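Trainee: model this:
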Amino acid sequence: MTRNSPRHAANNCFPVENGELLVGGIPLSRLVQRVGQTPFYAYDRQVLTERVKQLRQVMPAALKIHYALKANPMPALVQHMATLVDGFDLASSGEMKVALDSTMPATQISFAGPGKRLAELQQAIAAGVTINLESMHELEAVAAQAAMLKLPAKVAVRINPTFELKAAGVKMGGAASAFGIDEEQLPAVLQRIKHLGLAFQGFHIYSGSQSLKTEAIIEAQQKSLQLAAALAAQCPSPILSLNIGGGFGIPYFPGDKPLDIKLIGEALTAEMAIITQKLPTAEVIIELGRYLVGEAGLYVARIVDKKQSRGKVFLVADGGLHHHLAASGNFGQVIRKNYPVCIGNKMQAQDMETITVVGPLCTPLDILAEKVSLPKAEIGDLVVIYQSGAYGYTASPGKFLSQPDAVEVLV
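Mentor: Model (predicted):
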């Protein structure tokens, strides 16, 4: 068995045997037969397990790791994650159902996001899920629903801090935002929580995502912990839960370098030692989605046509942006860049060709890889997009042009 050569791979998660990728120990061509169709997403449970194990080895022993379902809410994957992490974070009632169907206790689940519907608030209160408050209006709505249901409501305050996560792909702090309650508004909010008698849990501070800057994440974590400590005296009761967000990115493109999680763990250990003295009841949480599952997933499509047009070679696949919007470059990229890609059944072929991989949709936006050098492929071969475990299938316009659905498998 040989490992992927740098020419073909984004990471070392998927070994190669007899010229084929192995996914969950299964040769790709056999996996295709087992799934029964292309396109599909495949997630490797051993890669998921190893990622959490590696994280725990370098993070503080007392730190709790939560999985953010918005990255990938596939039920089988979520259940597997329930055996690995300490809690879940949700962004909808649909995700709540998946989480509650798993073995994760409701006491270890929190619900964030602006614009929660009254029915969603009722569901969370009835289930015993912690609601991360996003506004004063939502605070009042939670209190009203709790009174109507005659049940206690567990709440935390999502803070929109004055600082941001530097070099983040998506910044969610440091400016006007639909997410969370501005830091300067917190005294009034905390007083109101006390007056209404809600079960105050603590804070949720999420300042950004997809950062590959180790120093920026360390700085954001330190500021989050220090902010919570500064607010402790104003809280209606001792802080029990302190979610300092995540923001850990994964490499997608040439030049991207993985985070130094050992350095992050060392810095967080030192900071938590200080904060624990100030907040002895607080359980510190990091909330990760993409970092836990992104590199464990592949998107697999079959080449159904090959054509040349004015000197350019196109591979036409049976899947495209309707299944994998991010790989097409239409999910937040300003300048389109290729996700790592390979021909999964020709991993050790030497005859190379510069090609563009497109999907079946009637739009020039349907590009999975543009002007990449890959082993020479033919109709029937398998195109594989790496780094597809997060923000893939459910982040894509699956009904666009009424094309067939993809499927998802955990192997």
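
Trainee: low-confidence regions, the stretch 201-350 of the chain specifically.
Mentor: 334 (pLDDT under 70).

Trainee: which helices and strands does the longest strand out of those in the chain pack with?
Mentor: Looking across the chain with DSSP state E, the single longest strand is strand 297-309. Other helices and strands packing on strand 297-309, by 3 or more Cβ pairs under 8 Å, 6 or more residues apart in numbering; DSSP states H and E, are helix 28-35, strand 40-43, strand 312-317, strand 382-385. The way it works is simple: take the backbone N, C-alpha and C, and place the C-beta from them, glycine included.

Trainee: for the stretch 251-400 of the chain, which segments count as helices?
Mentor: With DSSP state H, counting those that start in this stretch as the criterion, the stretch 251-400 of the chain has helices at 261-278, 290-293.

Trainee: and the strands in the stretch 1-150 of the chain?
Mentor: 16-17, 20-23, 26-27, 40-43, 64-68, 87-90, 109-111, 130-133 (DSSP state E, counting those that start in this stretch).

Trainee: winner for burial among those strands?
Mentor: Most buried of these, by mean neighbour count (mean count of other Cβ atoms under 10 Å): strand 130-133, with a mean of 28.

Trainee: export the strands of the stretch 1-150 of the chain to CSV and tack on distance to Q123?
Mentor: Formatted as CSV, the strands of the stretch 1-150 of the chain follow (distance: least, Cβ to Cβ, whole Å):
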stretch, distance to Q123
strand 16-17, 46
strand 20-23, 36
strand 26-27, 38
strand 40-43, 27
strand 64-68, 19
strand 87-90, 10
strand 109-111, 9
strand 130-133, 10
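
Trainee: just send the ones you listed back as JSON lines, with distance to D256 and mean pLDDT too.
Mentor: What follows is the strands of the stretch 1-150 of the chain, written out as JSON lines (distance: least, Cβ to Cβ, whole Å; pLDDT from 0 to 100):
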{"stretch": "strand 16-17", "distance to D256": "22", "mean pLDDT": "96"}
{"stretch": "strand 20-23", "distance to D256": "21", "mean pLDDT": "97"}
{"stretch": "strand 26-27", "distance to D256": "28", "mean pLDDT": "98"}
{"stretch": "strand 40-43", "distance to D256": "21", "mean pLDDT": "98"}
{"stretch": "strand 64-68", "distance to D256": "21", "mean pLDDT": "98"}
{"stretch": "strand 87-90", "distance to D256": "25", "mean pLDDT": "97"}
{"stretch": "strand 109-111", "distance to D256": "30", "mean pLDDT": "98"}
{"stretch": "strand 130-133", "distance to D256": "30", "mean pLDDT": "98"}
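
Trainee: among those, which comes closest to V358?
Mentor: strand 40-43 (18.5 Å; Cβ to Cβ).

Trainee: quick one: the closest one to chain centroid distance?
Mentor: For strand 40-43, the separation from the chain centroid amounts to 16 Å (computed by Cα atoms, centre = their mean, to the nearest Å).

Trainee: now for it, which elements pack on it?
Mentor: So strand 40-43, by 3+ Cβ pairs under 8 Å, 6+ apart, packs with helix 28-35, strand 297-309, strand 407-410.

Trainee: so which bits of the last one are buried?
Mentor: Translated: strand 407-410. Within strand 407-410, the residues scored as buried using 16 or more other Cβ atoms under 10 Å are E408, V409, L410.

Trainee: wait, which of those residues is closest to D101?
Mentor: So of these, ranked by how close each gets to D101 (Cβ to Cβ), first place is L410, at 15.0 Å.

Trainee: I'd guessed the closest one sits against P75; true?
Mentor: No: here L410 does not reach P75: they are 9.3 Å apart, not a contact under Cβ atoms under 8 Å.

Trainee: thank you kindly, that will do.
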